[in-house]
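1. show me the folded form of this:
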Amino acid sequence: MVLVCIGICKAISNCAAENLGAGRYYAECTQTPLPTSGGRTRQSPDKAHARRYFVKAEENVPKAARTPDLLATRFIKLFGKLFAAEARSKTWSAERHQRLRQRYSARVLEVIRNLMIEQSPGVLPQSLLGRALTYLREQWPKLVRYLENGDWPVSNNWVDDEQEHRPD
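-> Okay, here's the model as predicted:
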């Protein structure tokens, strides 16, 4: 089982930490343990981690050349829709949350999947965008697993929420 970093993190092998200054770090873990029947757990890659690959690809493009049609930007916006839906439904019951995921999030994920399949052949695999698409393709079955249960988090990146409640 991978431990999830939900606090101030400087160096955890399963996290990517970014210094925010004043001794605070933003951490993104790559996997969240999800419960299964029989008391076993399974791992689900974090959608924030998948999104981060596209952010890196977008940052590699000069600012003057960035447009809304840039492929990395399109993926980032689609992932943003998933996170926005989760934020709006944060206080909902698990059943209602799962209905939202099945009716809305599943459609957004289908758009992401179709875009990935359509665009992958034209992208160099070793480029930053190619790596993002490869990660997305290889992790796809695990990335969509959260649709199965309204209690499972879309992301295990809880640091921003936890920072307010942590002593400095």
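
2. so where's the longest helix in this protein?
-> When the chain is scanned for its longest helix (criterion: DSSP state H), the result is helix 71-88.

3. what are the contacting residues of it?
-> Contacting residues not belonging to helix 71-88 are listed as 47-48, 50-51, 54-55, 57-58, 61, 66-68, 100-101, 104-105, 108-109, 111-112, 115, 119, 123, 129, 132, 136, 154-155 [CB atoms under 8 Å, 6 or more residues apart in numbering]. To be clear about C-beta, it is placed using only N, CA and C from the backbone, and glycine gets the same treatment.

4. let's see it at 7 Å
-> For helix 71-88, contacts defined as CB atoms under 7 Å, 6 or more residues apart in numbering pick out 47, 51, 54-55, 57-58, 66, 100, 104-105, 108, 111-112, 115, 119, 129, 132, 154.

5. let me see the mean pLDDT of that helix.
-> The average pLDDT within helix 71-88 is 94.

6. which SSE is immediately downstream of it?
-> As assigned by DSSP states H and E, the chain's next helix or strand after helix 71-88 is helix 94-100.

7. the next helix or strand after that following helix to helix 71-88, inter-axis angle?
-> Once helix 94-100 ends, the next helix or strand along the chain (criterion: DSSP H and E) is helix 106-119. Angle, helix 106-119 to helix 71-88, by axes from the mean of the first three to the mean of the last three CA atoms, to 10 degrees: 170 degrees.
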